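*Asks:* prediction below, plus the sequence it came from.
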Amino acid sequence: MRENPSNINILIVDDTKENISILLNALKSEYSISVATSGPRALDYIGNTLPDLILLDVMMPGMNGYEVCAKLKQEARTRDIPIIFITAMSEVENKALGFELGAVDYITKPFEIVEVKARVKTHISLKQMTLALQNQNQILEEKVRERTQELRDTQLEIVYRLGRAAEYRDNETGFHIKRISHYCVTLGQALGMTDRELELLYSAASMHDIGKIGIPDHILLKPAKLDREEWAIMQTHTAIGFEILSGHHSDLLQLAGTVALTHHEKWDGSGYPQGLKGEEIPLVGRVTALGDVFDALISRRPYKKAWPVEDAVAEIIRGQGSHFDPRLVGIFQDVLDELIKIKEQFLDVADENSSLVR
C-alpha cells in the first residue's frame, strides 16, 4: 500500500527566500515541507528527523550542497535519502559531480513548477517502491528462515525418533540417547567445536547404535555373555548403521554415518569394525565412544549394578591410550561435573530396562 503523500516529508535546503517560497507553494498542498537555510542547519534537522526526500541547493555560503550530500551519503542512517540538487548551473561536469556523490536528479533555476512536481513525484514513487520491495524481501526472508528452521526441527525430531527406535529394540531408554548426545556436546564444547558442529554432533550421536535394528533379537537381547560367533554378528551393527545412514548429501547424515561406524574403534587399534588406530579414528567417533562407555558404566544393567562415578572415572582413565584418546580423557576429567549433572537431569526411572553397551 502506498504511503499518504501528506505524510511524506520533503526537506528544502536553500539560502534564498525566493527559491524556498516558490518550492514551498508548489509542493505544500501534497507533501509535508520542512526548510533549512544552510547546510549545517540541514544536517542538524536531519540528525533528529529523516526526510523522505531532500531538495538541496548547490551554491550556498559556508557549506555547499555537494558537501552536505557527501556527508549524508557517508552515514548508513541517511545514505538512502534521495537528494535532488537545485542549481542554476548547467555545466555537464557539475551535474556529473552531483551524480557521483549520490544525487538522484537535478532541478534547474528558474523553476518550471510542472517539472518540479513531476521530478519530486517520480523520486518519491521510486523510494516507496524500493521500500515496498525491501519490506517484501524481508518478509520472504523471514518466511524462508521460519520454514528452514521448521524443516531443521522436523529433521532433528525424525533423527531422534530413529535413534529411539533402535534403542527400543535394545531395551534402552530415550534418556540414554539424550545423555549420550549431551555428553558429546559437552566434550565437543571443551574441544572448541563451533555451534554448527555441536548441533550436528548432538543429533548424530543419538543415532550411534541405529545399526542394532539389523541384529537378530536372540543376540541383541541375550542376557548372558555372547559367544564368539554371536559377538561377530553383534559387531556388524556399526557397518549396518553406516549403511543405513550413508549415501545422502546431508551433513547430518554423513556425520551420523561416521559416528555409527567408528564409535567402537579404540585408540590402540583393537576396536571394530576397521581396527582404526589413534587419529585415524574420526574425532566424533572418539568423542561418542567415551560418552557411550561412561554412560554404560554408571547405569544399571540386567547383570550389573551401576558403578559409582569414581570407579567409572578410574576405568576411563585406565583406558586412556588404549581404548580412549588420551587428550579426550583429560578433557573428560575437566568437565566431569557437567557430565554428572547431565546424568542426574536425564535419570532413568528403571535402569534395569537397559542393557550393556556392545
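*Replies:* Cool, got the structure.

*Asks:* mind checking how far Leu252 is from Thr288?
*Replies:* Using C-beta to C-beta, to the nearest Å, we find Leu252 at a distance of 14 Å from Thr288. Every residue, glycine included, has its C-beta placed from N, CA and C.

*Asks:* which one's more surrounded, these two?
*Replies:* Relative neighbour count places Thr288 above the other of Leu252 and Thr288, with 28 against 20, counting by other C-beta atoms under 10 Å.

*Asks:* that one in helix, strand or coil?
*Replies:* Remark: Thr288 carries the secondary structure label helix [criterion: DSSP: H, G, I helix; E, B strand; the rest coil].

*Asks:* state the distance from the closest residue in space to it that isn't next to it in sequence to Phe294.
*Replies:* Leaving aside its chain neighbours, Thr288 sits nearest to His263 (4.2 Å; criterion: C-beta to C-beta, 6 or more residues apart in numbering). His263 sits 13 Å away from Phe294 when distances are taken as C-beta to C-beta.

*Asks:* more crowded one of those two?
*Replies:* Of the pair His263 and Phe294, His263 is the one with more neighbours under other C-beta under 10 Å, namely 29 against 26.

*Asks:* any idea how far Ala118 is from the more buried one?
*Replies:* His263 sits 73 Å away from Ala118, taking C-beta to C-beta as the criterion.

*Asks:* list the buried ones in the helix or strand where Ser203 lies?
*Replies:* Under DSSP states H and E, the secondary-structure element containing Ser203 is helix 195-205. Along helix 195-205, these residues count as buried under the neighbour rule (16 or more other C-beta atoms under 10 Å): Glu197, Leu198, Glu199, Leu200, Leu201, Tyr202, Ser203, Ala204, Ala205.

*Asks:* who's in contact with the second one?
*Replies:* When the contact criterion is C-beta atoms under 8 Å, 6 or more residues apart in numbering, the partners of Leu198 are Val185, Gly188, Gln189.

*Asks:* quick one: low-confidence ranges for the stretch 151-300 of the chain?
*Replies:* The stretch 151-300 of the chain contains residues with pLDDT under 70 at 155-156, 159-161, 163-174.

*Asks:* how many neighbours does Asp225 have?
*Replies:* Quick fix: residue 225 reads Lys, not Asp. The burial metric for Lys225, expressed as a neighbour count using other C-beta under 10 Å, is 9.

*Asks:* domain parsing for the protein?
*Replies:* Per automatic domain parsing, the structural domains of the chain span 5-139, 170-353.

*Asks:* and these, which is most packed in?
*Replies:* Across the domains of the chain, averaging neighbours per residue (mean count of other C-beta atoms under 10 Å) puts domain 170-353 on top, at a mean of 18.

*Asks:* could I get the domains of the chain as JSON lines with distance to Glu150?
*Replies:* Written out in JSON lines, the entries for those read as follows (distance: least, C-beta to C-beta, whole Å):
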{"stretch": "domain 5-139", "distance to Glu150": "16"}
{"stretch": "domain 170-353", "distance to Glu150": "16"}
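
*Asks:* and of the ones you listed, who's closest to Leu162?
*Replies:* Using C-beta to C-beta as the criterion, the shortest distance between Leu162 and the domains of the chain is 6.2 Å, found for domain 170-353.

*Asks:* just give me how far that closest one sits from the chain centre.
*Replies:* Computed by C-alpha atoms, centre = their mean, to the nearest Å, the separation of domain 170-353 from the middle of its chain amounts to 27 Å.

*Asks:* which residue ranges of this structure form strands?
*Replies:* Assignment of strands within the chain using DSSP state E yields the ranges 9-13, 32-36, 53-57, 83-87, 105-108.

*Asks:* spatially central, which residue of the chain would that be?
*Replies:* Arg196 (7.6 Å; C-alpha atoms, centre = their mean).

*Asks:* any idea how far it lies from Leu255?
*Replies:* According to C-beta to C-beta, Arg196 and Leu255 sit 11 Å apart.

*Asks:* ok, Ile107 next?
*Replies:* Taken as C-beta to C-beta, the span from Ile107 to Leu255 is 62 Å.

*Asks:* switch the strands of the chain over to a markdown table; also include mean pLDDT and distance to Ile331.
*Replies:* Listed next are the strands of the chain as a markdown table, based on pLDDT from 0 to 100; distance: least, C-beta to C-beta, whole Å:
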| stretch | mean pLDDT | distance to Ile331 |
| --- | --- | --- |
| strand 9-13 | 96 | 60 |
| strand 32-36 | 95 | 63 |
| strand 53-57 | 95 | 60 |
| strand 83-87 | 93 | 59 |
| strand 105-108 | 90 | 64 |
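
*Asks:* would you list the ones you listed in CSV and tack on distance to Gly321?
*Replies:* Converted to CSV, these look like this (distance: least, C-beta to C-beta, whole Å):
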stretch, distance to Gly321
strand 9-13, 73
strand 32-36, 77
strand 53-57, 72
strand 83-87, 71
strand 105-108, 75
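
*Asks:* of all those strands, which one comes closest to Asn137?
*Replies:* Closest approach to Asn137 among the strands of the chain (C-beta to C-beta): strand 53-57, 22.2 Å.

*Asks:* thanks again, I'm all set now.
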